[in-house]
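> sequence-free structure coming up:
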């Protein structure tokens, strides 16, 4: 799940991908406690200094669990046992980030990849993860490629065909991360027997959690 840094208390907080997808270009700036809708503006002016003394950048990590791969396997057992699972995030957004991919058959890991970039966004990392996923697979593979980004699924399965016909243009303006979208779309078409599907983030699905662990590995000392 994408993470952001609160501008008041500097704590990291998560926002569901489906909420971000509703408002393209929106970058959340406040955690739930300091949201203007809940009187957060008053807290920002009157209690912000106190909040910063309680929580610093050093001890305020994302609310995600940041489990190692071994901890994920010990804690979670639900969800699909086959396919290629992907995840990507940046902390804050934009900021440093990472991506992860794991290919699973019958609950056994066949291959995995992960990477890190010093300056990126959540959406770029989600796209990077999917590109790496398709690059793992032979063109005659028959697999489901899973992502918890609805935006990525809709981009490739719904919108990209029309954009390509119009010379990679869209009525609403520029296409965000166009070079990555084009690369992923070409790879998806080169794997006609593979399906790109959405899976809910942080819902206890073992291999989605495992991909998340790979995507956030750069934040930990242990993979």
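It's in. Every value quoted in this text rests on a predicted model; they were computed, and no experiment measured them.

> switch to C-alpha atoms for all contacts and neighbour counts from now on
Will do.

> now residue 91: phi and psi?
With angles defined as degrees, to the nearest 10, residue 91 sits at phi -140, psi 110.

> run the chain-centre distance for whichever strand in the chain runs longest.
In terms of residue count, the longest strand belonging to the chain (DSSP state E) is strand 108-120. Offset of strand 108-120 from its chain centre (Cα atoms, centre = their mean, to the nearest Å): 12 Å.

> ranges for the helices of the protein?
Using DSSP state H, the helices of the chain run over residues 17-22, 40-46, 48-54, 69-75, 122-136, 150-154, 160-165, 178-189, 206-215.

> now tabulate those in a markdown table and tack on mean neighbour count and mean pLDDT.
Output for these, formatted as a markdown table (neighbours: other Cα atoms under 10 Å; pLDDT from 0 to 100):
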| stretch | mean neighbour count | mean pLDDT |
| --- | --- | --- |
| helix 17-22 | 14 | 72 |
| helix 40-46 | 15 | 42 |
| helix 48-54 | 14 | 37 |
| helix 69-75 | 14 | 96 |
| helix 122-136 | 23 | 98 |
| helix 150-154 | 18 | 97 |
| helix 160-165 | 14 | 96 |
| helix 178-189 | 17 | 98 |
| helix 206-215 | 28 | 98 |
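
> so for residue 172, which of the ones you listed sits nearest?
helix 160-165 (11.2 Å; Cα to Cα).

> contacts for the closest one?
Outside helix 160-165, the residues that touch it by Cα atoms under 8 Å, 6 or more residues apart in numbering are 168-170, 181, 185.

> rerun at 10 Å
Applying Cα atoms under 10 Å, 6 or more residues apart in numbering, the set of residues contacting helix 160-165 from outside is 154-155, 166, 168-171, 175, 181-182, 184-185.

> rebuild these as a markdown table, extending it with distance to residue 26.
Output for the contacts of helix 160-165, formatted as a markdown table (distance: Cα to Cα, whole Å):
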| residue | distance to residue 26 |
| --- | --- |
| 154 | 18 |
| 155 | 17 |
| 166 | 26 |
| 168 | 23 |
| 169 | 21 |
| 170 | 19 |
| 171 | 19 |
| 175 | 15 |
| 181 | 19 |
| 182 | 23 |
| 184 | 23 |
| 185 | 24 |
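
> identify the farthest-apart pair in those residues.
Maximum pairwise distance in the contacts of helix 160-165, criterion Cα to Cα, is 21.1 Å, between 171 and 184.

> care to break this structure down by domain?
Here the domain parsing of the chain from automatic domain parsing is 3-54, 69-219.

> before we move on, back to that, wait, which of the helices of the chain is closest to residue 93?
The closest of those to residue 93 is helix 122-136. By Cα to Cα, the value is 6.3 Å.

> which secondary structure elements does the closest one sit against?
Applying 3 or more Cα pairs under 10 Å, 6 or more residues apart in numbering; DSSP states H and E, one finds that helix 122-136 makes contact with strand 83-90, strand 95-105, strand 108-120, strand 144-147, helix 150-154, helix 178-189, helix 206-215.

> next, the angle from it to helix 178-189.
Going by axes from the mean of the first three to the mean of the last three Cα atoms, to 10 degrees, helix 122-136 is angled at 30 degrees with respect to helix 178-189.
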